[in-house]
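> Sequence and predicted structure are below.
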Amino acid sequence: MRVRVELKSDRPVTIDIAYNYIIQAFVYRNLSKETAKFIHDKGYIHEGRRFKMFTFSKIRYNGNTGKMDKVQRKITFYDSFSFCISSPDDDFINELIQNIFKNNLRIGGYSLTVKGIDVFNYKDLDKYIVNNRLLVKSISPIFVHTTDSDNVDHHLSPLGENFSSFVRSNLINKHCAFYKKYPSDDRFDIKVIREDRLKAVTDYYRKDIAEPYKCYYGQFEITGSKDLLKLAYKAGIGSRNSQGYGCVEVLDR
């Protein structure tokens, strides 16, 4: 299930450009203590790998209702703003929605109210999967990395030869962790649709992080088994999904 949350304040809201951790904190604050503790401290485990099994988009706002100050590295919202939260766990999203309506909402120290909530189930996703193919675009940048034998972290490009295999392996691990079984069909591939629309960004999960992530916005063709295509859409593509990376939406063409 996926939810789009639109929030508003009675005064301008100014937060750091590196705001992913603020949205992540908003998610955890609007879960029960038990659910938040499980997701944060444990999550879904497969072969020692832990997965939170949720992702979220970057903040969206109308062009005339927000202003970015690149010098001060701040962004100010003068009206409402929205973001999507997605998970294969419907109970997680339902609990989040219920608590958003009940709780006093805060982001970055600002009190907020709900302007609107749109809920999307995944029943309509099948109509976009044609011949085991789904077209998507990133609504938060996709981050994929690997660590070598010297414990050096490498951030992978969608144009690199190993990118697709690492995304596939990551999705299979997520499937095993969440559904407690290996997918019956493990085919998966991801390709950039248009290289001229692929945008590399250096993104900070939070402003005090030592090393930023090199990640990518773009339009992608994902092919393979329906189970893995749907999981990529629900849980996110690549790494650090619960930090706000790898959230995609259907590219309706």
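That came through, no problem.
> For the stretch 101-250 of the chain, give me the ranges with low pLDDT.
210 (pLDDT under 70).
> mind listing the strands for it?
For the stretch 101-250 of the chain, the strands defined by DSSP state E, counting those that start in this stretch occupy 105-107, 110-120, 133-138, 145-147, 153-155, 188-192, 199-203, 213-217, 219-224, 248-250.
> Would you format those strands as a markdown table with distance to His46 and mean neighbour count included?
No exception for glycine: its C-beta is placed from N, CA and C like everyone else's. Putting the strands of the stretch 101-250 of the chain into a markdown table (distance: least, Cβ to Cβ, whole Å; neighbours: other Cβ atoms under 10 Å) gives the following:
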| stretch | distance to His46 | mean neighbour count |
| --- | --- | --- |
| strand 105-107 | 32 | 18 |
| strand 110-120 | 27 | 14 |
| strand 133-138 | 24 | 20 |
| strand 145-147 | 17 | 13 |
| strand 153-155 | 21 | 14 |
| strand 188-192 | 16 | 18 |
| strand 199-203 | 26 | 14 |
| strand 213-217 | 23 | 22 |
| strand 219-224 | 19 | 19 |
| strand 248-250 | 22 | 19 |
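> Format those as a markdown table; extra columns: distance to Gln72.
Converted to a markdown table, the strands of the stretch 101-250 of the chain look like this (distance: least, Cβ to Cβ, whole Å):
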| stretch | distance to Gln72 |
| --- | --- |
| strand 105-107 | 18 |
| strand 110-120 | 17 |
| strand 133-138 | 26 |
| strand 145-147 | 29 |
| strand 153-155 | 27 |
| strand 188-192 | 33 |
| strand 199-203 | 18 |
| strand 213-217 | 22 |
| strand 219-224 | 32 |
| strand 248-250 | 30 |
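> quick one, which of those is nearest to Asp126?
For these, proximity to Asp126 was assessed by Cβ to Cβ; strand 133-138 is nearest, at 9.9 Å.
> wait, what's in contact with the nearest residue to Lys8 once chain neighbours are set aside?
Nearest non-adjacent residue to Lys8, counting by Cβ to Cβ, 6 or more residues apart in numbering: Ser80, 4.1 Å away. Counting by Cβ atoms under 8 Å, 6 or more residues apart in numbering, Ser80 touches Glu6, Leu7, Lys8, Tyr61, Thr65, Lys115.
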